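Asks: test case, fold it:
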Amino acid sequence: MTRSKHSTLSVPEVAAIVFPVVAIGASAGGLDPIVAFLANVPQESGIAYVVVQHLDPTQKAMLPELLQRATSIPVAEITHQAELRPNHIYVIPSNADLSLSRGRFVLSEPVQLRGHRLPINTFFESLASELGELAVGVIFSGMGSDGTRGLQAIKHAGGLTLAQYPDTAKFDMMPQSAIAAEVVDLIDLPEKMPEKIINYLFRSSFLSSPGHEPSGRNSLQDIVGLLTEHTGNSFTDYKINTVLRRIERRMSLYQMTSMDEYAPYLRANPTEIDLLFKELLIGVTSFFRDQKVWEYLKMVALPQMLAAHPDGRAFKAWIPACSTGEEAYSLAMVFHEVVADINPPSKYSLQIFATDLSADAIDRARQGRFPQTIRSDVSAERIERFFVLEKNDYFVKKEIRNMIIFAQQNIISDPPFTKLDILCCRNLLIYLNAKLQQRLIPLFHYALNRDGILLLGSADTPGHFSDLFSPLTTSTRLYRRLDNLARQRLPTYFPTKVSAASPPAPSDTREVSMTGKIQAHVEQLLLQKYSPAAALLNQEGDILYINGRTGAFLEPAAGKANWNIHAMAREGLRYELADLIKQALQSESMVRLKGLVVKDHLGQSLGVDLSAEALSQPESLRGMVFVTFSSVPLVAEARRGRSPNPKVLELEQQLVQARNEIQAVRDEMQTSREELKSANEELQSTNEELQSTNEELTTSKEEMQSLNEELYTVNAELQSKVDDLSLVNSDMKNLLNSTDIATIFLDSALRIRRFTAPATQIYKLIQTDLRRPLSDIVNDLDYPGLEADALEVIRSLVFCERQVQTKTGRWYNVRIMPYRTIENVIDGVVVTFINITESKLLEAQLRQIQSGGAAAGNGGASVP
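Replies: Have a look, this model is predicted:
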């Protein structure tokens with residue numbers, strides 16, 4: 001087999017593929033469903049079929065010939081640079097990675113070690129990239145999760161995805177994995193899938209044909225309205241073609257050709273609204289997408305950002321449309337790798353805010369749980385360093401997970417995060433219309449700090465806002481924020497609801513624009529100058545956001561950087577703040593504490609009122625605590641000269657003593673905490689060693705599982721061959737017996753290989769005589785030279801024929817012929833014995849008659 005890395009010949013270009021391609025992925029137990037599927041495919045479907053099966057890399061695959069028996073469609077094993085044609089079935093060869101490029105197959109040497117290869121994902125992703133909506137992915141029986149990520153890519157590209165009912169699969173892990181990941185459109189029996197695929201593709205091509213206009217424009221508005229009403233999110237700012245394609249795709253699944261049919265169905269089935277909503281979110285992501293971008297971040301951008309703050313700093317990043325969190329975890333891992341080389345690394349930290357519109361995606365992202373297929377995107381070194389393998393899934397380690405806060409957010413309507421150092425928004429803008437893009441890019445500029453980094457998708461650009469961002473490189477979508485005072489202002493508010501009413505009548509545009517600017521500047525001035533000092537905390541007291549001047553109330557704690565409010569609170573607030581936050585979390589209303597006295601860094605006393613409230617709205621801030629600090633005048637001291645009240649003095653002394661005792665208890669608790677922390681670290685170290693051992697065992701188990709799958713596949717192929725051979729053997733046996741000719745098959749050493757029943761009348765043969773030399777068997781033939789003639793036939797390849805008589809008087813025509821194998825190798829002889837006794841008797845009678853007639857003629861001639 002010729003592989004891509006060895007190919008140097010140029011091949012002619014092939015026109016873009018304009019026909020659908022169905023890719024079938026299977027592993028252990030997959031032969032039967034593949035056969036059942038192909039047996040129901042019409043011969044002229046206009047579709048190409050590609051079978052990707054886990055095969056033993058050391059054996060030649062027999063799959064093509066096994067599948068050919070199930071269908072009249074031509075089946076062929078794939079060769080490098082072979083052209084893809086409709087109405088053909090193609091089978092992946094063993095020990096090869098398969099992809100598609102410009103209408104031709106590309107074979108390459110496997111990159112992953114045996115046991116870690118995912119050929120189904122590799123080809124499915126290539127197919128999705130090449131064909132888009134013409135791609136169809138099918139997953140059958142198999143162990144592991146290969147195919148899940150590939151189906152996700154096909155679904156994202158607008159193609160159709162199917163899986164076998166798990167309870168009908170011999171090994172249900174592969175279809176179960178795909179279904180659990182919510183990347184499967186249809187679940188059915190293998191034999192019923194071809195009809196549904198063809199019906200879907202026919203309706204899909206009809207709906208997307210150039211001459212077809214989407215029917216029911218009013219129904220389209222109804223559908224969008226139902227989505228807004230049911231989910232609370234508007235899709236009016238999405239590109240209309242994107243919305244139409246996703247709606248038409250759902251219609252094709254139900255064999256509908258008009259939105260007038262689909263709108264009532266949607267209204268009657270709220271579950272379908274949820275499915276359409278998920279379809280529109282297009283939540284496809286992966287770890288370290290576009291390696292060049294992440295390499296530049298790690299080697300150049302992040303080190304420069306850290307170098308600008310040699311004394312250390314807490315950085316912030318925001319990843320809107322984060323989907324299931326792979327991009328957020330990628331950024332956290334890269335940042336962790338960069339700061340690991342700095343001494344001490346603790347002086348830098350990164351808080352990542354990862355948000356998405358989908359609550360399901362956020363829930364999955366929070367779990368930090370990913371299938372083993374991520375090994376194709378994450379290096380083995382990073383897998384070992386940042387993940388823990390549990391129950392066949394990888395879990396992100398706590399040190400990385402704690403760097404990220406996941407929250408549900410609508411980037412269009414909810415307030416943005418601000419004072420950011422990094423903003424990563426990839427593959428979102430391309431789905432939004434130009435109007436919304438022009439609102440989001442300035443929003444990103446506003447949210448970033450000076451010289452902040454903006455990371456966009458490969459198909460995204462800042463558009464007309466090149467004066468707000470400058471590219472860091474020409475080969476990546478990395479940008480640095482520019483200071484543009486002319487444009488720098490608070491972005492306008494994004495409404496959460498889109499009114500269906502007609503737009504207002506035109507008015508003085510300049511006046512409206514000026515009013516909007518004044519309002520924005522006033523709001524910004526009020527926010528910065530007159531709003532109270534405040535801090536946003538999580539339930540543990542970690543500070544997530546600070547507004548206003550809090551220096552009089554909070555100060556950085558000495559030693560290791562600690563952004564916890566309990567550590568930063570100044571003297572006079574520490575105990576009170578702890579109690580206030582606890583009350584706020586237990587209460588549904590705001591809690592206040594007035595008349596407190598705090599000492600600033602100069603030792604002067606200041607009056608302060610505290611208030612705290614546990615937030616429930618918006619959703620992105622649910623569970624957090626908002627604390628405000630209000631400066632107030634100190635209460636006037638008692639008139640001088642007035643003697644102090646002894647009772648007050650006593651109470652003050654008791655209070656000081658109580659506080660000292662509390663502080664002592666706190667110190668003891670802190671010591672105990674440090675000891676527990678040390679013990680925990682030791683346990684953690686032991687746990688990591690055990691985890692490492694467990695991972696090694698799991699790796700061995702995976703390799704054994706992969707080998708088991710390959711052996712199962714080979715066994716299925718061999719079983720099919722055995723069945724065929726049994727059938728051929730039965731046919732041959734019946735054929736030989738029906739001829740009633742005595743036949744003996746001998747190998748090259750003249751040992752008995754097989755014989756027919758009539759041969760037992762000549763040689764005293766029984767079944768246990770197989771593999772015995774023919775010369776050991778008693779016989780009735782008067783033919784001592786049979787073995788010599790047989791050896792001569794093997795040597796000369798010229799058959800020998802003799803007439804031989806037995807000791808009982810029977811005659812046989814003995815024919816000795818070479819035994820040829822399928823490979824045309826001489827491996828013995830075939831000896832046949834045809835009974836010619838009757839012929840010999842007739843010959844004798846004829847000779848007797850002829851001799852009698854001749855005698856009678858001679859006698860008549862002598863008579864005078």
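Asks: domain assignment for the protein?
Replies: 4-206, 213-281, 291-481, 530-632, 737-842 (automatic domain parsing).
Asks: now those domains in TSV, with distance to Leu676 and mean pLDDT?
Replies: All C-beta atoms are positioned from the backbone trio N, CA, C, and that covers glycine. Formatted as TSV, those follow (distance: least, CB to CB, whole Å; pLDDT from 0 to 100):
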stretch	distance to Leu676	mean pLDDT
domain 4-206	38	84
domain 213-281	43	80
domain 291-481	16	87
domain 530-632	17	82
domain 737-842	75	89
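Asks: reformat those as CSV; add distance to Val714.
Replies: Putting the domains of the chain into CSV (distance: least, CB to CB, whole Å) gives the following:
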stretch, distance to Val714
domain 4-206, 5
domain 213-281, 37
domain 291-481, 23
domain 530-632, 53
domain 737-842, 21
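Asks: out of those domains, which comes closest to Leu655?
Replies: Shortest distance between Leu655 and those, using CB to CB, is found for domain 530-632: 11.4 Å.
Asks: any idea which element the residue most central in space within the chain lies in?
Replies: The chain has Arg149 as the residue nearest its centroid, 2.1 Å off, counting by CA atoms, centre = their mean. Using DSSP states H and E, Arg149 maps to helix 148-156.
Asks: now tell me what touches the next helix-or-strand element following that helix from outside.
Replies: With elements assigned by DSSP H and E, the helix or strand that comes after helix 148-156 is strand 160-164. Outside strand 160-164, the residues within contact range by CB atoms under 8 Å, 6 or more residues apart in numbering are 33, 135-141, 151, 154-155, 175, 178-179, 183-190, 193, 196-197, 200-201, 204.
Asks: residues in contact with the residue nearest to the centre of the chain?
Replies: Contacts of Arg149 (CB under 8 Å, 6+ apart): Leu118, Asn121, Phe124, Glu125, Ser286, Pro371, Thr373, Ser376.
Asks: for the stretch 401-550 of the chain, what spans make up the strands?
Replies: Here the stretch 401-550 of the chain has its strands, by DSSP state E, counting those that start in this stretch, at 404-408, 420-425, 448-456, 469-471, 478-481, 533-537, 543-547.
Asks: for the ones you listed, give me CSV that also has distance to Asn343 and mean neighbour count.
Replies: Listed next are the strands of the stretch 401-550 of the chain as CSV, based on distance: least, CB to CB, whole Å; neighbours: other CB atoms under 10 Å:
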stretch, distance to Asn343, mean neighbour count
strand 404-408, 25, 21
strand 420-425, 21, 24
strand 448-456, 24, 20
strand 469-471, 32, 16
strand 478-481, 27, 21
strand 533-537, 30, 20
strand 543-547, 26, 17
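Asks: show me what the longest helix belonging to the chain is packed up against.
Replies: The longest helix of the chain (DSSP state H) is helix 646-739. For helix 646-739, the elements it packs on are helix 31-38, helix 63-68, strand 387-390, judged by 3 or more CB pairs under 8 Å, 6 or more residues apart in numbering; DSSP states H and E.
Asks: now do that helix and helix 31-38, the angle between them.
Replies: Angle, helix 646-739 to helix 31-38, by axes from the mean of the first three to the mean of the last three CA atoms, to 10 degrees: 80 degrees.
Asks: ok now helix 646-739, how far from the chain's centre?
Replies: 21 Å (CA atoms, centre = their mean, to the nearest Å).
Asks: next structured bit after it?
Replies: strand 742-746.
Asks: who does that next one pair with, and is each partner parallel or antiparallel?
Replies: strand 752-755 (antiparallel), strand 826-835 (antiparallel) (DSSP bridges).
Asks: contacts for it next, please.
Replies: For strand 742-746, with CB under 8 Å, 6+ apart as the criterion, the contacting residues are 736, 752-756, 758-759, 761-763, 765, 774, 790, 812, 819, 828-835.
Asks: how does it look with 6 Å?
Replies: Residues outside strand 742-746 that contact it (CB atoms under 6 Å, 6 or more residues apart in numbering) are 753-756, 758-759, 762, 774, 828-833.
Asks: which two of these have the greatest separation?
Replies: Checking the contacts of strand 742-746 with CB to CB, the most distant pair is Pro758 and Gly828, at 19.7 Å.
Asks: neighbour count winner among the two?
Replies: Each of Pro758 and Gly828 has its neighbours counted (other CB atoms under 10 Å); Gly828 has more, 21 against 18.
Asks: contacting residues around that one?
Replies: So Gly828 contacts Leu746, Asp747, Ser748, Tyr819 (CB under 6 Å, 6+ apart).
Asks: kindly recompute the last result at 7 Å.
Replies: Taking CB atoms under 7 Å, 6 or more residues apart in numbering as the criterion, Gly828 is in contact with Phe745, Leu746, Asp747, Ser748, Arg753, Tyr819.
Asks: what's the answer for Leu38, then?
Replies: Taking CB under 7 Å, 6+ apart as the test, what Leu38 contacts is Leu67, Ala70, Thr71, Ile89.
Asks: quick one, what contacts the first one?
Replies: Leu67 makes contacts with Ile34, Val35, Leu38, Val75, Ile89, Val91, as judged by CB under 7 Å, 6+ apart.
Asks: quick revisit: the helices and strands packed on helix 646-739: which one's closest to Asp769?
Replies: helix 63-68 (35.3 Å).
Asks: list the strands paired with the next helix or strand after the closest one, with their directions.
Replies: For helix 63-68, the succeeding helix or strand toward the C-terminus, using DSSP H and E, is strand 75-77. Partners of strand 75-77 in the sheet, by DSSP bridges, are strand 89-91 (parallel).
Asks: give me the three-state assignment for Leu610.
Replies: Counting by DSSP: H, G, I helix; E, B strand; the rest coil, the backbone at Leu610 sits in strand.
Asks: ok, and the closest non-adjacent residue to it?
Replies: Leu593 (4.5 Å; CB to CB, 6 or more residues apart in numbering).
Asks: count of neighbours near the one you found?
Replies: 16.
Asks: what's the answer for Thr808, then?
Replies: 8.
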